[in-house]
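Visitor: Sequence and computational prediction follow.
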Amino acid sequence: MTVFSAKEFDNHEDVLFFHDKKSGLKAIIAVHDTTLGPALGGTRMWDYQNEEEAIADVLRLSRGMTYKSSLAGINLGGGKSVIIGDSRTEKTPDLMEAFGRAVDQLGGTYIAAEDVGTSVTDLEIARRSTRHIAGISEGNSGDPSPATAWGVFHGLRAAVEFELKQKSLASIKVSVQGLGNVGYGLCELLKDAGAELIVADLNEAAVEKAVKNLGAKAVSIDAIYDQEADVFAPCALGAVLNDDTIDRLKVRVVAGSANNQLAEDRHARTLTEKAILYTPDYAINAGGIIIISHEGPSFDREKAMQHVAGIHDTCLSIFERAKREKVTTAEIADKIALERLERVRNEKARLALAS
Ligand code: NAD
């Protein structure tokens, strides 16, 4: 088992392992970078094959959160936690309370939110042991999915504006993969804006609902890649942009909520070569983290949602700069995120010297 020599290790500030005998908790919390503020990121519960896989995941995901918050211009660092185990059979209130105690030991350096395998309810249980939990109670920011869908909608608008030179989404055809919390919400917003929808999901009830309520055309989960459309919106799984699928896409734009859409970094280049505009996943799906960054006693949902809508301008500036510098949109997103980190790091060092 390695941490410092793992290929996903990227000068992480902290990687902590927790075990609670009574509840069976085995958790890892990784704090990647706190230059911009406390490290915030979701809690993933997954039945990892082995510890190496869990370590790789927490290192990779926590680093991703640093980039996402930096690019979104918010004052949060990057962190993530993983709980090793099957969330369907091994998750208990005791285990979530023990996880809360683990989070509490970091004294606010890490703030936990929900992720795959954990729900808002689970995090509310963890909240009994620590106040360093975000994205839970209604009245505060609550479930981040509507904000994520709102952000994807605005990022998608920017991509259509840039690539298809069209300000309105009227008659724009969007193929949406995944009709979960984010995908379905996105479909509703697109429908209201006059777009045409093609949808696919494993969940037949969600597909039927989209057909009935939003007039969507349903296709099989495999056929979604072959649709003639303007935009492909992946809102289900990671690694869906790969050697097989990119060849099949008949769209001008990719803009969706899924995390880690590119199977490998080189696929950003493959998309550019096929003249498909790729909207970097962590730029377009930052709505959830943006709304969470507004949490606090004076939380104002309307103001927070306006901030989320700013994803339109963030995406537009990525597209423009990528075109100017003749590099991929993915490279530019990373560059902008790193530039902000560097600026803040330098400023902090300057202030420390001056004091
Ligand atoms: P969700 O679990 O509610 O929905 C995912 C949907 O995808 C489900 O309906 C599922 O049946 C469907 N699906 C699974 N495999 C599929 C396949 N092969 N083809 C078609 N559909 C398939 O998840 P969500 O919260 O809507 O998130 C969607 C994506 O967006 C995920 O990748 C998630 O990591 C990412 N994301 C979500 C948020 C958020 O706020 N919820 C924030 C950032 C990123």
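Guide: Thanks, I have the structure now.
Visitor: ok, the one residue in the chain that gets nearest to the ligand - contacts?
Guide: Nearest residue of the chain to the ligand, counting by CB to the nearest ligand atom: residue 180, 1.7 Å away. Yep, even glycine has a C-beta here, placed from its N, CA and C like the rest. Residue 180 makes contacts with 201, 203, 206, 235, 236, as judged by CB atoms under 8 Å, 6 or more residues apart in numbering.
Visitor: Is it possible to mark the buried ones in those residues?
Guide: Buried by 16 or more other CB atoms under 10 Å: 201, 206, 235, 236, out of the contacts of residue 180.
Visitor: ranges for the helices of the stretch 251-355 of the chain?
Guide: 266-273, 281-284, 287-293, 301-309, 311-325, 329-354 (DSSP state H, counting those that start in this stretch).
Visitor: actually the chain, sorry about that
Guide: 51-72, 93-105, 120-126, 145-164, 181-192, 204-214, 243-248, 266-273, 281-284, 287-293, 301-309, 311-325, 329-354 (DSSP state H).
Visitor: give the contact list for the closest residue in space to residue 45 that isn't next to it in sequence.
Guide: Distances taken as CB to CB, 6 or more residues apart in numbering put residue 117 closest to residue 45, at 3.2 Å, once the chain neighbours are dropped. Going by CB under 8 Å, 6+ apart, residue 117 touches 43, 44, 45, 46, 83, 87, 91.
Visitor: Up against the ligand, what does this protein have?
Guide: 144-145, 148, 177-183, 200-203, 206, 221, 235-237, 257-259, 285, 288 (CB under 6 Å from any ligand atom).
Visitor: And the protein, what are its domain boundaries?
Guide: Domains of the chain are assigned by automatic domain parsing as 14-60+78-126, 145-338.
Visitor: Let me have these in TSV, adding distance to residue 66 and mean pLDDT as columns.
Guide: What follows is these, written out as TSV (distance: least, CB to CB, whole Å; pLDDT from 0 to 100):
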stretch	distance to residue 66	mean pLDDT
domain 14-60+78-126	3	96
domain 145-338	8	97
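Visitor: Determine how far the last residue of stretch 220-227 lies from the first.
Guide: Terminal residues of stretch 220-227 lie 11 Å apart, using CA to CA, to the nearest Å.
Visitor: In TSV: the contacts of residue 180, plus distance to residue 212.
Guide: Below are these laid out as TSV (distance: CB to CB, whole Å):
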residue	distance to residue 212
201	14
203	14
206	11
235	19
236	20
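Visitor: Show me which pair in those is furthest apart.
Guide: Pairwise distances among the contacts of residue 180 were taken by CB to CB; the largest, 12.4 Å, belongs to 203 and 235.
Visitor: Now list whatever residues contact both of these two.
Guide: In contact with both residue 203 and residue 235: 179, 180, using CB under 8 Å, 6+ apart.
Visitor: My guess is residue 274 contacts residue 251. True?
Guide: No. Applying CB atoms under 8 Å, one finds residue 274 not in contact with residue 251, separated by 9.7 Å.
Visitor: between those two, which one's more packed in?
Guide: The neighbour comparison of residue 274 against residue 251 (other CB atoms under 10 Å) goes to residue 251, with 21 against 13.
Visitor: That one and residue 278 touch, don't they?
Guide: No. In this structure, residue 251 is not within contact of residue 278 by CB under 8 Å, at 10.7 Å.
Visitor: How many residues are close by the nearest residue to residue 272 once chain neighbours are set aside?
Guide: Excluding the flanking residues, the one nearest residue 272 by CB to CB, 6+ apart is residue 328, at 5.3 Å. A total of 23 residues lie near residue 328 under the criterion other CB under 10 Å.
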